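Trainee: Fold the following.
(chains A and B)
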Amino acid sequence: MKFGVVVFPGSNCDHDAQYAVTQNVGAQASFLWHQESSVPSDIDAIILPGGFSYGDYLRCGAIAKFSPIIGAVKKFAHAGGLVMGFCNGFQILTESGLLPGALVRNNALKFICRPTHLRVETSNSPFTNTATPGQILSLPIAHGEGCYTAEPHVLDQLEAEDRVVFRYVKNPNGSLRDIAGICNAQRNVLGMMPHPERAADPLMGSTDGLVLFHSLIASLAAK
Amino acid sequence: MSSITPEVVAAHSLTPDEYQKVLSLLGREPSLTELGIFSVMWSEHCSYKSSKIHLKKLPTRSQLVILGPGENAGIIDIGHGYGIAFKIESHNHPSFIEPFQGAATGVGGILRDIFTMGARPIAVLDSIRFGPLDDPQTGPRNRRILEGVVAGIAHYGNCFGVPTVGGECVFHKSYDGNPLVNVFALGVIPKDKIFFGRAEGIGNPVIYVGAKTGRDGIHGATMASDEFTEESKQKRPNVQMGDPFLEKLLLEACIEAMHSGAVVGIQDMGAAGLTCSTSEMGSRAGTGVEIDLMHVPQRETGMTPYEIMLSESQERMLLVAEKGREQEIFDIFDKWGLDAATVGVVTDDGMLRVRNHGELIAEINNRDLADEAPLYDRPHTKPHRNVPMEAPAFSSTDLKADLISLLSSGDLCSKRWIYEQYDYMVRTNTLAGPGGDAAIVRIKETGTSVAVSLDGNGRYCYLDPREGAKLVVAEACRNVSTVGALPVAATNNLNFGNPQRPEIMAQLVEAIEGMADACTFFETPITGGNVSLYNETLGEGILPTPVIGIVGLLPTQAPVPSRFQAEGLTVMLLGGIGSSDETHFGGTQYAYVLLKQMWGLPPALDMAVEKNVHLAIREIVAAGLAASAHDLSDGGFAVALAEASFDGIGAVVTLPSSPLRPELLLFHEAPSRILLSTHSPEEVSKLADTLGVPVSVIGKTIKGQVVIEGHLSSTIEELQQPWASALENALHA
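Mentor: Alright, predicted model coming up:
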């Protein structure tokens, strides 16, 4: 089991994700530089980590979508590969069209870093198949632009297709319908604002993020 | 006809005597560019000319100190082949003129100081001070400054990817026109990969890396060495603009270049930019540096040599590479999309030689710039103080109301509104973040952790600079010990007014001497720091505010919380209830917030007792006997008890009999005291007895209530709600 962790200039949760999946989950990981145009064949799943890719100039994730590696990630995803984007990674996934909607400025107009509670909305995804719907996870957020927004018909569709993966128990940023994480129609691409890689070590106060990685490994093993 | 008139000299903040020294060192009249170079290198900010002879009194060595003051940051040994590099630095003046960028570039500057040593930054803490938010005249401006400073710190640290894990935020009228922004940063470094700012190796290329040079920040260092006047508002262009994204790339590229083996020496371009980095690197190595400005990457056209040499554009570094390996450096910086250009060469004659398209612009001995700045033993008399020794008459009618007022005061209220804007978790090392006694950061490389506390107390230091400075060191060491860490080193930021006033200079001298005594006694040598003088606006100086950052070492383990965690545990007061009297009550939060006065003396400190308390709490924590531990400081016992209750578990306590009147008993601020809860009171007592530290059982933890028998009784909610909402309410008033 090997994760590929994408490194953009300005990524700053890349090492945290790598540490979590290797030290806390026990998988392997290698970094994928933003200028690479293909995903090595030994990569089983890709993480787009948090940070400020390309300085988040213009809009969060707006420049990252033009990078060679995102072209490769799209191919990987279209072939059914598992892709998870956390925080800036979620913003990049919406910008690059792999997920619908957009992440805009928090409604309080400030960066917010705090632990939050998420409700698992579906276990019908490779990222939550070992979780129980309704289960509450404690995961931190740390973002300035984490307010999820989309057209009403898109939100309706997400709900109708059981694609809202996580909701905030107490909405911290104004996200429409309390959405914290969603997946694509094929259910192999997940984007979420909270940081599961920061909740993978007992010393960090929560290990609730591990369920995502364990689910992913379980679903790969079942293939 | 000379172009260097007395007016031009004065405009460069050089005195006539200082200019005479320039003339005699050069043996001729300087060019305008040379005058500019001297003026920044000899500014208070760069040369420490008013403080240097006193700073020599500070202890700087111990078995753990790898590198003391003089380089970009001090380094101590933490074992397992690693060290930590850390330093505190001020960005007070820029933060007043332009709060957001001033604070942001303060963070950027100290981060560069850390990674220029080869250390990867893993934690930032901030000590920030403002005028009162509720002042009818200055409140709106103070609120704007606070919001700008916090947003600036958040912007830079969050994007760079370093967690801001703690600090302090304090208010006083004297910071109205002079906010203090002191930023501490800490990084981890392999002991065999420490880099120095030295231009070694005759013939080696001098390479400029990072952002292009623009006109921003010209004369920032001289500005930081002046008092503020009405004209200061026109100095806004002197404040630099920060780009944390660029700095993040610079960090990665520099560390990669250092690990390539091609880097000989490296220094960041901070205050006084290219001037400071070239002359200091040459001076430290005893070499010369010759550069041609035509090779310096420039953001603007038509910049004069004067402007290029004095620009304080951010996110730039100067490095000396091994001759013949330039291309390796260029390739690494190219990978990260950064400029890198050879701008000069290391020479053997000790001169800083600046050319522009070959034409000689400046030629000055490096040592004259870096080491020959005038040193002043400025006259100092009795420290300035304008308050009585005698206490006014006062008596409380409602101790609970007093406690609530204290908890919702600026200094003591929750700072959550501030620290939630900081990413305090990135890098997944934050074992204890903001809001506790000390921050704890894990070091993945060694499997151990470091604890850090920043502390200052302007009121104590105003009443008695020497004792105040000792109390500040004692409290920071107590904070670090309370979480179980052994304090091992310190960095200081000395914020004072105009040193040319003898009563202000006296504050500085006495505070340094007090700090020297305390740091020697607590075995926390000062490995570096910063002095910020001229913190005055229109002749009004700030309270003397030495800020100390104490670093402690501890094993990586789940941290001891500062709040009570379970009902039915025994509550104990290590160090006893302490002694005070009305004279020693005049610097307390109670005097400041409720009586709106200051008088007398700061609390009395016995350093031997204090040190024993530190030892005792460390042993109690190490033995796993503390379910919670919280030190007593601002606001005294009652405030500490309330704060310890904010996870919903309070306590009912009976204080030992004491001759003190209730206001003093509950709110005096005698040091050397720690509140803890435990399952094992007998073992705690035994351990404290062995060390000769007084300890008393004072009560039990209970759910939802805070009761001090005979004095006050409250639900936790009644205390917590005002504490939690005060800052936000004040900001949105």
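Trainee: quick check: mean pLDDT across the top helix by length along chain A?
Mentor: Longest helix in chain A by number of residues (criterion: DSSP state H): helix A:210-222. What helix A:210-222 shows for mean pLDDT is 96.
Trainee: Would you mind putting the CA coordinates of that helix into CSV?
Mentor: Only the C-alpha atoms of helix A:210-222 are listed here, as CSV (Å, rounded to 0.1, in the frame of the first residue of the first chain):
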residue,chain,number,x,y,z
LEU,A,210,-7.4,7.2,11.1
VAL,A,211,-10.8,5.8,10.0
LEU,A,212,-10.3,7.4,6.6
PHE,A,213,-7.0,5.8,6.0
HIS,A,214,-8.1,2.4,7.3
SER,A,215,-11.2,2.5,5.1
LEU,A,216,-9.1,3.3,2.1
ILE,A,217,-6.7,0.4,2.8
ALA,A,218,-9.7,-1.9,3.4
SER,A,219,-11.3,-0.9,0.1
LEU,A,220,-8.1,-1.4,-1.8
ALA,A,221,-7.6,-4.8,-0.2
ALA,A,222,-11.1,-5.8,-1.3
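Trainee: Check which helix or strand residue B:676 maps to.
Mentor: In the assignment (DSSP states H and E), residue B:676 maps to strand B:674-678.
Trainee: which neighbours does that strand have in its sheet, and in what orientation?
Mentor: Pairing partners of strand B:674-678, with direction, according to DSSP bridges: strand B:570-574 (antiparallel), strand B:628-631 (antiparallel).
Trainee: What degree of burial does residue B:359 show, as a neighbour count?
Mentor: Look at residue B:359: counted by other Cβ atoms under 10 Å in any protein chain shown, it has 11 neighbours. (Glycine included, C-beta is placed from N, CA and C.)
Trainee: can you give me phi and psi for it?
Mentor: phi -80, psi 130 (degrees, to the nearest 10).
Trainee: what does residue A:115 give?
Mentor: phi -70, psi 140.
Trainee: correct me, but it touches residue A:137?
Mentor: No - the pair residue A:115 / residue A:137 is not scored as a contact, 10.5 Å apart, by Cβ atoms under 8 Å.
Trainee: Neighbour count for these two, which is higher?
Mentor: More crowded of residue A:115 and residue A:137, by other Cβ under 10 Å: residue A:137, with 24 against 15.
Trainee: The more buried one should be in a strand, yeah?
Mentor: Yes - under DSSP: H, G, I helix; E, B strand; the rest coil, residue A:137 falls within a strand.
Trainee: Could you find the closest non-adjacent residue to it?
Mentor: residue A:208 (4.0 Å; Cβ to Cβ, 6 or more residues apart in numbering or on different chains).
Trainee: I'd like the distance from residue A:117 to residue A:207, if you could.
Mentor: Using Cβ to Cβ, to the nearest Å, residue A:117 is found at 15 Å from residue A:207.
Trainee: Can you pull up the residues of chain B that come close to chain A?
Mentor: Taking Cβ under 8 Å from any Cβ of the partner chain as the criterion, chain B approaches chain A at residues B:151, B:154, B:158-161, B:243-246, B:248-249, B:336-337, B:419-428, B:430-431, B:442, B:444, B:556-558.
Trainee: which ones among these are found in strands?
Mentor: Among the residues of chain B next to chain A, DSSP state E puts B:430-431, B:442 in strands.
Trainee: So which of these is the closest to chain A?
Mentor: Chain A has its nearest neighbour among these in residue B:431, at 5.8 Å by Cβ to the nearest Cβ.
Trainee: Do a quick rundown of the strands in chain A.
Mentor: Under DSSP E, chain A gives strands at A:2-7, A:28-33, A:45-48, A:82-86, A:102-104, A:112-120, A:136-143, A:147-149, A:164-168, A:179-183, A:189-192.
Trainee: The stretch 401-550 of chain B now?
Mentor: B:430-432, B:439-443, B:448-456, B:486-495, B:526-532, B:536-537, B:540-541, B:545-555 (DSSP state E, counting those that start in this stretch).
Trainee: Adding distance to residue B:656, write these out as CSV.
Mentor: Shown next, in CSV, are the strands of the stretch 401-550 of chain B (distance: least, Cβ to Cβ, whole Å):
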stretch, distance to residue B:656
strand B:430-432, 30
strand B:439-443, 32
strand B:448-456, 27
strand B:486-495, 28
strand B:526-532, 37
strand B:536-537, 45
strand B:540-541, 41
strand B:545-555, 30
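Trainee: Is it possible to get TSV of these that adds mean pLDDT and mean neighbour count?
Mentor: TSV is the format used below for these (pLDDT from 0 to 100; neighbours: other Cβ atoms under 10 Å in any protein chain shown):
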stretch	mean pLDDT	mean neighbour count
strand B:430-432	98	24
strand B:439-443	98	25
strand B:448-456	98	26
strand B:486-495	98	26
strand B:526-532	96	26
strand B:536-537	88	20
strand B:540-541	86	18
strand B:545-555	98	26
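Trainee: Of all those strands, which one is nearest residue B:382?
Mentor: strand B:540-541 (15.0 Å; Cβ to Cβ).
Trainee: what's the nearest residue to residue 57 if we skip its chain neighbours?
Mentor: As the question left the chain open, I've gone with chain A. residue A:63 is the one closest to residue A:57 (Cβ to Cβ, 6+ apart), at 6.1 Å.
Trainee: if you could check chain B rather than the one you did, that'd help
Mentor: residue B:516 (4.6 Å).
Trainee: Can you name the residues that contact the one you found?
Mentor: B:57-59 (Cβ atoms under 8 Å, 6 or more residues apart in numbering or on different chains).
Trainee: Please flag which of those residues sit within strands.
Mentor: Among these, no member falls in strands (DSSP E).
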